[in-house]
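> Here's a sequence, model it:
(one chain, ligands or ions: 1)
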Amino acid sequence: MHLLNISQSDYDQIRREAEQAYPHECCGILLGTMDAASRTITATVPCDNMSHEAPERRYSIDPQQVIAAMKLARTRGENIIGFYHSHPGHPAQYSATDLAEAHWMDCSYVIISVEEGRAMDTTAFVLRGSEDNQRFEPEEIQILPAHALGKIEI
Ligand SMILES: [Zn+2]
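Alright, predicted model coming up:
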């Protein structure tokens with residue numbers, strides 16, 4: 001089983017963003033470190049949902065924000081280790097579109113379901129396989145106190 005470590009404050013933060021974006025999808029980038037078995041989030045970067053046609057069931061992150069997050073990660077000696085988005089009115093299960101549009105191998109994709117403006121389930125999946133044969137494998141979210149993660153504040 002893959003493991004995703006996140007601090008209580010980052011966990012609360014992305015769920016709050018999911019509630020604030022309702023009925024639209026929120027989206028953002030996860031910075032941190034990874035090894036073979038786990039990923040550790042040390043910072044979250046909220047992004048604008050650029051999907052203007054259907055922001056209540058699609059999300060799109062501006063490539064400029066991805067580049068900026070990548071640079072920020074580098075200055076911290078870290079990497080982009082995943083992405084998060086919300087599912088307003090839908091379960092925290094990845095959609096066919098989520099899988100088709102995921103390209104960051106070995107990164108975590110976190111999904112927060114929101115019902116009537118309230119964050120419900122939070123799930124995570126790791127993208128595995130190869131570019132033309134990718135799959136999501138479930139990941140266990142482990143919430144830790146910030147000091148246990150050696151967290152660097154942005
Ligand atoms: Zn989705």
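> The most centrally placed residue in the chain: what's its closest spatial neighbour, skipping adjacent residues?
In the chain, the residue lying closest to the centroid (C-alpha atoms, centre = their mean) is residue 84, at 2.2 Å. Once flanking residues are discounted, residue 84 sits nearest to residue 110: 3.9 Å by C-beta to C-beta, 6 or more residues apart in numbering. (Glycine included, C-beta is placed from N, CA and C.)
> Look at the residue nearest to the centre of the chain and give its secondary structure.
strand (DSSP: H, G, I helix; E, B strand; the rest coil).
> try the one 10 residues further on
Counting by three-state DSSP, the backbone at residue 94 sits in coil.
> doesn't residue 124 make contact with it?
No. Counting by C-beta atoms under 8 Å, residue 94 sits too far from residue 124 to count as a contact (10.0 Å).
> And residue 13, how close does it get to the ion?
Noted for residue 13: a distance of 19 Å to the ion, by C-beta to the ion, to the nearest Å.
> Can you pull the phi/psi pair for that residue?
phi -60, psi -50 (degrees, to the nearest 10).
> ok, now residue 69?
Per degrees, to the nearest 10, the backbone of residue 69 is at phi -70, psi -40.
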